[in-house]
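**Q** Kindly generate the corresponding structure for this input.
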Amino acid sequence: MVASVVTVAFEGVDARRVDVQVQQLSAAEASFVIVGLADKAVAESRERVRGAFAGIGLAMPPKRIIANLAPADLPKEGSHFDLPIALALLASMGVVPADALAGWAAVGELGLDGQIAPVGGTLPAAVAADAMGLGLICPEANGPEAAWAGEVAVLAPRSLIGLVNHFKGVQVLRRPEPGAMRSGDRVPDLNEVKGQESAKRALEIAAAGGHNLLFVGPPGSGKSMMAARLPGLLPPLTPKELLETSMVWSVAGLIERGALTRDRPFRAPHHSASMAALTGGGLRAKPGEASLAHNGVLFLDELPEYSAQALDSLRQPLETGEIVVARANAHVRYPARFQLVAAMNPCRCGLGGGGKGACGKAPRCQRDYQNRISGPMFDRIDLTVETPPVTAADMALPPPAEGTAEAAARVLAARAMQEDRLRAAGVDPDTARDQAVNARASGETLDRFATPDEAGRALLMRAGEAGGLTARGWTRTLRLARTIADLDGCDGVLRRHIAEALVHRRSTVGAHADFERRDEGQTEGRSGMPAW
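**A** Presented below is the predicted three-dimensional model:
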């Protein structure tokens, strides 16, 4: 007799069906074999299943037991195969009716006392089970997480004996309730930041359009302080984004008792993080910081201190919104549509080339330090803003009248305009809600809604001809100008919007400095922006 139970194997956040087949054969010597391209953790399931059976008072049959994990060419990783192997073996022994398991998929790790321990990936497993028309059996601790998958039937036993009793009709397991929708940690308010008005403006633009942002300034000028306030300006996750983000966190094992949050992720890895830590990888190809920041913010403080390999590994996901971890036998994909916010000092000593206490090695010190970041990486940053030291006069002023609440209201209004445009273009309302940021606007959308007026086009042409813009920079400038126009409540993109966008694209960092030197007709306007 062959007994079968459905489970899943994870490829990124996708859960692929696996059929666990158990057969007992007569043999001179009892044995327990697991086949089907299983890793070390799955191979060790034999001993955990033996111990769990002993813990609930069952003896292993004195036969040759073969557990096949089909399809055999799909890699199987993790301890969540314990429970389906045990259930299939119980069905082959006649302890559990085989037909009772036909409508279920199962995941879970067994303890030697028969308890079922929590595992990662329960939410995508529940979504996959629902797509297959099955219910899900999972550990009790993962039940509230699995319940978020919708109407899928969920059994969440604490122990193996409790599950056996349920199928025998001795006791009844109820479907768990979804976990709590918790609120995130308090985000500091913008009204606590004195001075740096241009940086606050850039922060608001970045929040409104989902643009990548770089702060450049000496230590203590407020770069990290302002970056930490960005989550307070962002709207909450939409239902679709919440599911996508939660599935990544579930695979990483970061969801506790099924508690989810609509706050957008804010990840701030240390600059010693490796390429695998940022993009994902390791023994079981776990998601990295870029994927954990999916639909949220990835903040990289002290940007030049990251290894060049780690930084350049983010270039592709910044364009495609996903990360592919290549293995010899598989390619694992993780979503990674994040907003990059970074901060750096102008040079190694942090003082820069001007003002009191200026670096004595400038400009070579600045050039060498900034050259740690590749030009293509700089080209993917939409806004670069300098944060000069805050003066004593600024610190003596009372707190600003406007804070996070006022800025967040303008951001929400700008995003509503972006969503309305997509709907007007015939995009499905749900899709429009999830893609309503100008940073991801397509060329067709830009041609229709971000074509500047004649003066703005002439200004943009001058910038491109002067060599300050790549083809990517041209598109990103239009996206940025569209966001600035949205914050102004304008339907069209005007010359002043193009001018402000070019100021943020034209930085003293990287190749944009060449454009500054070439433009001899530039004069300073009142706002500190160049007047063309």
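**Q** Not including adjacent chain positions, what is the nearest residue to Y334?
**A** Nearest-residue entry for Y334: S291, 4.1 Å, with adjacent residues in sequence omitted and distances by CB to CB, 6 or more residues apart in numbering. Every C-beta, even on glycine, is put in place using the N, C-alpha and C of the backbone.
**Q** which element is that neighbour on?
**A** Secondary-structure element containing S291, defined by DSSP states H and E: helix 289-292.
**Q** quick one: contacts of that helix?
**A** Identification of contacts with helix 289-292 by CB atoms under 8 Å, 6 or more residues apart in numbering yields 248-249, 252, 254, 265, 267, 269, 273, 277-280, 298, 314, 317, 323, 334-336, 338.
**Q** and if we set it to 10 Å?
**A** Residues external to helix 289-292 that are found in contact with it (CB atoms under 10 Å, 6 or more residues apart in numbering): 12-13, 245, 248-249, 251-252, 254, 265, 267-270, 273, 277-280, 286, 298-300, 313-314, 317-318, 322-323, 325, 333-338, 340.
**Q** same question, stretch 408-420
**A** Residues from elsewhere that reach stretch 408-420, judged by CB under 10 Å, 6+ apart: 187, 190, 203-210, 232-235, 402, 404, 427, 429, 432-441, 445, 449, 482-491.
**Q** so where is this protein shaky, pLDDT-wise?
**A** Residue ranges of the chain with pLDDT under 70: 283, 328-329, 352-358, 434, 468, 506-532.
**Q** could you point out the longest helix in it?
**A** Looking across the chain with DSSP state H, the single longest helix is helix 404-424.
**Q** Heading C-terminal from that helix, find the next helix or strand.
**A** helix 429-434.
**Q** And the helix or strand following that next one, what does it pack against?
**A** Scanning forward in sequence from helix 429-434, with DSSP H and E defining helices and strands, the next element found is helix 443-449. Judged by 3 or more CB pairs under 10 Å, 6 or more residues apart in numbering; DSSP states H and E, helix 443-449 is in contact with helix 404-424, helix 471-488.
**Q** Quick check: which of those is buried the most?
**A** Among the helices and strands packed on helix 443-449, ranked by average contacts under mean count of other CB atoms under 10 Å, first place goes to helix 471-488 (a mean of 22).
**Q** got the CA coordinates for that one in CSV?
**A** C-alpha atoms of helix 471-488 as CSV (Å, rounded to 0.1, in the frame of the first residue of the first chain):
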residue,chain,number,x,y,z
ALA,A,471,19.1,58.0,-21.5
ARG,A,472,18.1,56.6,-18.1
GLY,A,473,18.6,60.0,-16.6
TRP,A,474,16.3,61.6,-19.2
THR,A,475,13.5,59.2,-18.3
ARG,A,476,14.1,59.6,-14.5
THR,A,477,14.1,63.3,-14.8
LEU,A,478,10.7,63.3,-16.5
ARG,A,479,9.4,61.0,-13.8
LEU,A,480,10.8,63.3,-11.1
ALA,A,481,9.3,66.4,-12.8
ARG,A,482,5.9,64.7,-13.0
THR,A,483,6.0,64.1,-9.2
ILE,A,484,7.0,67.7,-8.5
ALA,A,485,4.0,68.8,-10.7
ASP,A,486,1.7,66.5,-8.7
LEU,A,487,2.8,68.0,-5.5
ASP,A,488,2.0,71.4,-7.0
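**Q** and the angle from it to helix 404-424?
**A** On the basis of axes from the mean of the first three to the mean of the last three CA atoms, to 10 degrees, helix 471-488 is oriented at 110 degrees to helix 404-424.
**Q** Centre of the chain to the helix or strand following helix 471-488, how far?
**A** Scanning forward in sequence from helix 471-488, with DSSP H and E defining helices and strands, the next element found is helix 495-505. Its chain's C-alpha centre and that of helix 495-505 lie 29 Å apart, by CA atoms, centre = their mean, to the nearest Å.
**Q** Kindly spell out which helices and strands sit in contact with helix 495-505.
**A** Secondary elements touching helix 495-505 (3+ CB pairs under 10 Å, 6+ apart): helix 197-209, strand 383-386, helix 454-465, helix 471-488, helix 512-518, strand 530-531.
**Q** Could you name the helices and strands sitting against the third one?
**A** Spelled out, that is helix 454-465. helix 471-488, helix 495-505, helix 512-518.
**Q** Including distance to P376, could these go into TSV?
**A** Formatted as TSV, the entries for these read as follows, by distance: least, CB to CB, whole Å:
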stretch	distance to P376
helix 471-488	9
helix 495-505	15
helix 512-518	13
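**Q** Show me the longest strand that occurs in the protein.
**A** Secondary structure assigned by DSSP state E gives strand 14-25 as the longest strand of the chain.
**Q** Let's see that one as CSV, backbone CA atoms only.
**A** Taking C-alpha atoms only, strand 14-25 is exported to CSV below (Å, rounded to 0.1, in the frame of the first residue of the first chain):
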residue,chain,number,x,y,z
ASP,A,14,6.5,30.4,-4.6
ALA,A,15,5.3,27.1,-3.1
ARG,A,16,5.4,24.2,-5.5
ARG,A,17,3.4,21.0,-4.9
VAL,A,18,5.3,18.0,-3.6
ASP,A,19,3.6,14.6,-3.1
VAL,A,20,5.0,12.6,-0.2
GLN,A,21,4.5,8.9,-0.9
VAL,A,22,5.3,6.3,1.7
GLN,A,23,5.4,2.6,1.1
GLN,A,24,6.2,-0.4,3.4
LEU,A,25,8.1,-3.4,2.0
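**Q** Tell me the buried residues in it?
**A** By 16 or more other CB atoms under 10 Å, the buried positions in strand 14-25 come out as 14-15, 17-24.
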